[in-house]
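Enquirer: using only what follows, build the 3D model:
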Amino acid sequence: MLRNKQNPQQYVPLKQVNIAATIRSFAADVSITQLFRNEESTSIEAVYCFPIEEQAAIYSFIARIDDREIIGELKEKKTAQKEYSEALQSGHGAYLLEQDEKSQDNFIINVGALPSGKECQIEICYVTELNLVENGEKIRFVVPTTIAPRYNPDKGSLSSPAGTTSKYVQSVPYTISFHCQVEKYNIARISSSSHPIQMDLSKQDYYVITFAQENTCLDRDILLDMQLIEHRSNTILAVENGAMMVSFTPNEEDCQRVMNNKEMTNEFIFLVDCSGSMDEENKIELARQAMLLFLKSLPVNCYFNIIRFGSNHQSLFPEMTVLYNEINSQEAEQLTKAMRADLGGTELLSPLQWLEKNPTIEGRARQIFLLTDGEVSNVNEVIDLCRTMATSTRIFSFGLGSSPSRSLVKGLARSTNGRFVFIPPHTSVDIHVGEQLQKALQSCITNVEIKWNLDMITSVPNKMPPVYVNDRLIVYALAKNSSIRFDHNLRVELTCGQHRLGEAKVNIIPNVSNNNETIGRLAAKALIVELQHEKLPSSTQKMSPGSLQTRFQEHQKAVNNDDESAKEIIKKRIIELSLKYHILSPHTAFIGVEKRLNGNNSDMVLREVPIQISADDQHLHSYHQNYYSSYSTTSPMTDDDCSSEDDDDSFDCDMSFRELCRRSIQKSVPLPDEDDDEELSEDEDDDDPFQSRNNNSFSTQTTDLSIMNDEDIVRYLINKQKFDGSWQIDENDIEKLTKKPLTTFAHMANKEILLSSIIIAILETRFASLSSMWYGIVQKARKYLLNLLGNDITKLNKLLEDVRKQF
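Expert: Modelled structure (predicted):
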């Protein structure tokens, strides 16, 4: 096991983490159980930092010791902390659950005065929305398991999470188990890209998902994807006493009715994390692949720049943005191919401040694409800055690796009306990049309204976010008094001006949760998150610092005082919501006190549970060895445990890099007919999955189109497109793709027009399911053809139709 010779051996009181979840419709109800055991001769105070999704509404906290059950009470944080400390001073037991105010996906559990030889079980329950991904085709359930080491720019080094001194270690003696029930309605397939899974099909209404292996380490987030059936409603309306949820997923036809077709000049600025933490588990390679696809897909005549950042930041071009032309794109491609993770720490604030000081030119829309592992500690400061740019800038954030800061990646996108996506190691980036770019190029609908046809309700969010094609919009209604009843006669409309985008009616009351409080809790949590992202009074004044003269400083102090007053008002409102709906917030905490007769905690020692470093952050040990310690259990570790057998303090991993890659490869379980009730387990493929995995967006092992799979053919065609939107492709490739010689199409147009027309038709018909990959290059090709055809859209559409008839 790991041991640091400079520090005494320490015991790890955490022994096991269990995850139990139930997924219904759009939400998951999750229970986390943590088992603590004191194997030392004195009482201990155990402290454990762990992640939960920022939007999760934590509604229950229970401690069990001996035959006693201590139910936590939710109180204002300072009050709860005071009661916790006073209970320990009085010789009692105390249990405290807090949310970190600086990075709101981090939580701290405090188990005070656990006596020698005793066990304590902590249970934390929460509900959370499920993300809709891959153009609305899948629902994704994520359970974060580890907090990545965060770079602290004030200290110039890594910092422990949530104000603790917890250490990061290569391996830990505690493991995690997973048990998830998924309601069968509307689900076609279940898969995991993070862990091998097995599924029990014997239940009538649920699929039961568990890990296929025991002794699973907490070195990567748990990802569970549920493929939705093809023919389903694009609206959901769920109700319960005092609360209602409506979900709209507008399709392209819905949005076309209200989209503003006026084209705007776009600026695309790519912020690429080149800090040292990007060097492992393929993260810098994922960034390179993403950038190459971006550069291929950008529209002609837009403006762009690439900014690399780490301890400092470097821009490719000295100007803020330059015209996207052939010369500039080639220079950008050369930089991308040579890009390395060589810029030290992760200081994201500085390049964002530079962008804020250089706003976009009037008449342009700025789109920032951020590619990062999100390992920064000053999350709130970064998000606050980006909030001030939201009127002219959208951020599309990519969280790379096994454990990015989900609070940062989501917060940046939400605060600027952008979008976010997480890309785990050893996956192709094509679809993720394509989806984000497609949304960035869309004219999103920003003036959306919800008509509840009800009085006396609070609508959440207060301000509707922009709506995109195949993106889900979830809106809640909270009753302002208990007399309001939501029933089967409800009708909710999504409108934009005079146009109706969608309508939802209650035909049945969907069963979202057995306790009938899920929607209210999610609504209150959404309102709390919106309040946290609310702009301060000084936000609109930050473009200019005002006078620099001393005699005007009183005015600046007044502005700062306004900010502080606004913060206090927001904080008070958050506390009120938290206590009313009994859900945890950054300013409240759960506290439970176990009264003990004649107790004495004078010999109590502090034990901070070490955090297992994620699979893609192993390299950080060599950079910051002072952040790693050695921990032990009283019994020897087995080969199945999540710890190393080495006795020195080296950071070599027992599991090889190759094996880590194997375990990250997707395990997928297709769903059989309803009457098939036998247990299904996913076995390993006979072939080596690592060998067959393709991680390069533009390289294929062959140039023979006849033996490529569909994704590789699309990558090949993307790579063959020239800067102006035309294709550099020979007649043999056309024949392999269409099964016909180019002469078959010769009567339709000249060769220059024909080649692009054929490729467009092929992508839009044969590879329609991969539209996220090719959307940008097809848009560019269509504009290229329109220019050649005198901007005659009717002529272009007829040409493409004639080409399709030949397939």
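Enquirer: how about stretch 799-807: buried residues?
Expert: For stretch 799-807, a neighbour-count test (16 or more other CB atoms under 10 Å) marks 799-800, 803 as buried. Just so you know, the C-beta spots here come from the backbone N, C-alpha and C atoms, and that holds for glycine as well.
Enquirer: to clarify, my last question referred to stretch 42-58.
Expert: Across stretch 42-58, burial judged by 16+ other CB under 10 Å covers 43-58.
Enquirer: hmm, back to that, out of the buried residues of stretch 799-807, list just those in helices.
Expert: Judged by DSSP state H, helices contain the following of the buried residues of stretch 799-807: 799-800, 803.
Enquirer: which one of the residues you listed is nearest to A768?
Expert: A768 lies nearest to L800 out of those, by CB to CB, at 13.6 Å.
Enquirer: just give the nearest non-adjacent residue to that closest one, would you?
Expert: A761 (5.4 Å; CB to CB, 6 or more residues apart in numbering).
Enquirer: wait, doesn't the one you found sit right on K805?
Expert: No. Look at A761 against K805 with CB atoms under 8 Å: they stay out of range, at 9.5 Å.
Enquirer: ok so, going back, wait, is the residue nearest to L800 part of a strand?
Expert: No. A761 is assigned helix when assessed by DSSP: H, G, I helix; E, B strand; the rest coil, not a strand.
Enquirer: for it, what are its contacts?
Expert: 800, 803-804, 807 (CB atoms under 8 Å, 6 or more residues apart in numbering).
Enquirer: how about a cut-off of 7 Å?
Expert: Contacts for A761 (CB atoms under 7 Å, 6 or more residues apart in numbering) come out as 800, 803-804.
Enquirer: can you give me the pLDDT of it?
Expert: According to the prediction, A761 has pLDDT 92.
Enquirer: farthest-separated two in the buried residues of stretch 42-58?
Expert: Pairwise distances across the buried residues of stretch 42-58 (CB to CB) peak at 36.5 Å, for the pair S43 and Q55.
Enquirer: tell me how far the nearest residue to V529 once chain neighbours are set aside lies from I707.
Expert: Leaving aside its chain neighbours, V529 sits nearest to Q55 (6.0 Å; criterion: CB to CB, 6+ apart). According to CB to CB, to the nearest Å, Q55 and I707 sit 45 Å apart.
Enquirer: can you check F61 too?
Expert: In terms of CB to CB, F61 sits 57 Å off from I707.
Enquirer: centre-most residue in the chain?
Expert: Note on the chain: the residue nearest the mean C-alpha position is F422, at 4.6 Å, using CA atoms, centre = their mean.
Enquirer: that one is in contact with S397, isn't it?
Expert: No. With contact defined as CB atoms under 7 Å, F422 does not reach S397; the gap is 9.3 Å.
Enquirer: between those two, which contacts overlap?
Expert: Counting by CB under 7 Å, 6+ apart, the residues touching both F422 and S397 are V409.
Enquirer: roughly how far apart are S771 and S233?
Expert: In this view, S771 and S233 are 22 Å apart by CB to CB.
Enquirer: of the two, which one has the most company?
Expert: The residue with more neighbours, out of S771 and S233, is S771; 17 against 12, by other CB atoms under 10 Å.
Enquirer: so where's the stretch 551-700 of the chain shaky on pLDDT?
Expert: Scanning the stretch 551-700 of the chain with the threshold set as pLDDT under 70 gives 551-561, 614-700.
Enquirer: try 50 this time
Expert: For the stretch 551-700 of the chain, the stretches flagged by pLDDT under 50 are 619-640, 643-670, 672-700.
Enquirer: swap in the stretch 51-200 of the chain?
Expert: Scanning the stretch 51-200 of the chain for pLDDT under 50 picks out nothing.
Enquirer: where exactly do the helices run in it?
Expert: Taking DSSP state H, counting those that start in this stretch as the test, the helices found in the stretch 51-200 of the chain are 77-89.
Enquirer: go through stretch 320-334 and flag the buried ones.
Expert: Across stretch 320-334, burial judged by 16+ other CB under 10 Å covers 320-322, 324, 328-329, 332.
Enquirer: show me how far that stretch is from its chain's centre.
Expert: 30 Å (CA atoms, centre = their mean, to the nearest Å).
Enquirer: OK, contacts around L352?
Expert: Applying CB under 7 Å, 6+ apart, the residues contacting L352 are 382, 385-386.
Enquirer: can you list those in TSV and add secondary structure, neighbour count and pLDDT?
Expert: Below are these laid out as TSV (DSSP: H, G, I helix; E, B strand; the rest coil; neighbours: other CB atoms under 10 Å; pLDDT from 0 to 100):
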residue	secondary structure	neighbour count	pLDDT
V382	helix	23	86
L385	helix	20	85
C386	helix	27	87
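Enquirer: considering those residues, which is situated nearest to E253?
Expert: C386 (33.0 Å).
Enquirer: can I assume the closest one is in contact with R414?
Expert: No. Look at C386 against R414 with CB under 7 Å: they stay out of range, at 9.7 Å.
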